[in-house]
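1. Pasted the sequence and its predicted model underneath.
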Amino acid sequence: MAALRVGDRTAYSSIQRSDSEAWLQSQQTLYDDYQTLKQQPNLILSGHALDVEIDGPRGRVLVEEILNGVQYARVWFYCRFDDGWRHVPPDYTFWGDQRLLESDQMAIRYWAVDEPFAQALASTLPAWLNAGCAALICADLPQLVVDIQPDESVETGWLADEPWHLRLASPFLHPVRMDQVWQPESRLAVAELLAKQLVSTAANGVEPVYPADAYYLRQVIASWLTKRFSGVE
């Protein structure tokens, strides 16, 4: 981070280590991106470590960046070689210990890096479930299961054969705004999925067929619930 802050490409390049030429080139692109960002007077590359985890030769650091007075964080991975610690490609097997937040309504399964995200979900989703069921007069719901995965290929959505099992990609795969770990795009997507699922459950899984009035009514109710959950008009 010091090399990025002072603009020393040689020093920055010297701490990169990988057999992948593509990844090494991506780090040069990242260096250039940071130098461009530094032209903004409100960017502070503090280098402050918000979290550090060492496991033998592996290291993981959550590094602070401040833009326009807002705290962001990026996960960096390191490996100890004979010539010292070097910045290496992401190792998603090194995402911390597995954890579980569970209640009668919901179970959130995740790894330690995603603790802030899991807490944001846990403090919000029960209220959405309660509000949705109050509006739709739901019967008892199945437990909502949420898996947070450090995997860029994961798309927000329900498992095919488990309609109350939601998968989300970790927001920490990319730089994260720390006062808004649950990003608005993800929040809206989850709100829409949950609203539609609640409407379907309240209708006992009966799917009205276009162009029946019930089809349009169902869309309107799901849209209303989505807006109520997300706060987005």
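-> Cool, got the structure.
2. Low-confidence ranges, the chain, go.
-> Within the chain, the ranges that satisfy pLDDT under 70 run 205-216, 233.
3. all helices for it, in order.
-> Along the chain, counting by DSSP state H, helices occupy 2-6, 9-14, 21-37, 115-122, 125-136, 184-202, 213-230.
4. relative to helix 184-202, how tilted is the fifth one?
-> For helix 125-136 against helix 184-202, the angle between stretch directions is 40 degrees (axes from the mean of the first three to the mean of the last three CA atoms, to 10 degrees).
5. Residues touching helix 125-136, excluding its own?
-> Under the contact criterion CB atoms under 8 Å, 6 or more residues apart in numbering, helix 125-136 has outside partners 103, 105-106, 138, 141, 144, 146, 190-191, 194-195, 198-199, 202, 221, 225, 228-229. Where you see a C-beta, it was placed from the backbone N, CA and C, and this is true even at glycine.
6. Just the buried residues from those, in ChimeraX please.
-> The buried residues among the contacts of helix 125-136 can be selected in ChimeraX (16 or more other CB atoms under 10 Å) with this line:
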select :106,141,144,146,190,191,194,195,198,199,202,221,225,229
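7. residue closest to the middle of the chain?
-> P171 (2.1 Å; CA atoms, centre = their mean).
8. correct me, but that residue touches W182?
-> Yes. Taking CB atoms under 8 Å as the definition, P171 is a contact partner of W182 at 7.2 Å.
9. what sits in contact with each of the two?
-> Counting by CB under 8 Å, 6+ apart, the residues touching both P171 and W182 are F117.
10. ok, E152 - how many residues close by?
-> 12 (other CB atoms under 10 Å).
11. right, so of the helices of the chain, which gets closest to A73?
-> Of all the helices of the chain, helix 115-122 sits nearest to A73, with 9.3 Å by CB to CB.
12. Please point out which parts of the closest one sit buried.
-> Neighbour count says helix 115-122 has E115, P116, F117, A118, A120, L121, A122 buried, by 16+ other CB under 10 Å.
13. pretty sure the last one is touching R109, no?
-> What that stands for is A122. No. Applying CB under 8 Å as the test, A122 and R109 come out as separate, 11.7 Å apart.
14. Quick check: the nearest residue to P142 once chain neighbours are set aside vs R177, distance?
-> Sequence neighbours aside, W164 is the residue nearest to P142 in space, at 4.5 Å (criterion: CB to CB, 6 or more residues apart in numbering). W164 sits 29 Å away from R177, going by CB to CB, to the nearest Å.
15. Can you tell me how far N42 is from H174?
-> 20 Å.
16. now do D140
-> From D140 across to H174, the span is 38 Å (CB to CB).
17. same check, this time on L101
-> L101 sits 23 Å away from H174, going by CB to CB.
18. Specify which residue of these two has the higher count of neighbours.
-> L101 (16 against 12).
19. Could you break the protein into its assigned domains?
-> Domain ranges of the chain: 2-88, 98-230, per automatic domain parsing.
20. Can you check the distance spanned by the longest one, start to finish?
-> Its start and end residues considered, domain 98-230 measures 28 Å (CA to CA, to the nearest Å).
21. same check, this time on the first one
-> Terminal residues of domain 2-88 lie 16 Å apart, using CA to CA.
22. where's it relative to the chain centroid, distance-wise?
-> Domain 2-88 sits 20 Å away from the centroid of its parent chain (CA atoms, centre = their mean, to the nearest Å).
23. repeat for the last one
-> Remark: domain 98-230 is offset 14 Å from the chain centroid, using CA atoms, centre = their mean.
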